[in-house]
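> sequence plus predicted model, see below.
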Amino acid sequence: MKRYVDRHETLPAEAARLLQEALVRGAFERGEAPRFTGLPERSARRLLKALIDEGLPASTTEKGAVSLRFPTHALDILFPRLYPKGV
């Protein structure tokens, strides 16, 4: 998760913490984002929205809990060498 955030120029380091929480917990409520990141509420919400726009965490409803997703554009970074080239 940290590698993805490090390679993504517009995401701050706190984004990795949100992704790690989603990985460990399975899902978390949106209101918990400030506690996980240490950011003010508005900043944490903006950060969570940026991650959702990237497709990494997602939710079944607009205000529901978010859980981790693995979009195809992130697979090479999240799982390096998972699939050999050309397959």
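Nice, I can see it.

> for the rest of this, base every contact and every neighbour count on C-alpha atoms.
OK.

> okay, which residue is most central for this protein?
In the chain, the residue lying closest to the centroid (Cα atoms, centre = their mean) is L19, at 3.9 Å.

> wait, what's in contact with that one?
Each residue near L19 by Cα atoms under 8 Å, 6 or more residues apart in numbering is listed here: 1, 56-57, 68.

> in which helix or strand does it reside?
helix 14-25 (DSSP states H and E).

> same deal with S67?
Using DSSP H and E, S67 falls in strand 66-68.

> other residues contacting that strand?
Contacts for strand 66-68 (Cα under 8 Å, 6+ apart): 19, 22-23, 26-30, 56-60.

> if I look at F28, how far off is H73?
23 Å (Cα to Cα, to the nearest Å).

> and A15, by the same measure?
In terms of Cα to Cα, A15 sits 17 Å off from H73.

> mind giving me the packing neighbours of the helix or strand hosting P34?
For P34, the host element (DSSP H and E) is helix 33-37. Under the contact criterion of 3 or more Cα pairs under 8 Å, 6 or more residues apart in numbering; DSSP states H and E, helix 33-37 touches helix 14-25, helix 41-54.

> any idea of the mean pLDDT for that helix?
Helix 33-37 comes out with an average pLDDT of 95.

> with neighbour numbers in mind, choose between A15 and H73.
Remark: of A15 and H73, A15 carries more neighbours, 22 against 11, as counted by other Cα atoms under 10 Å.
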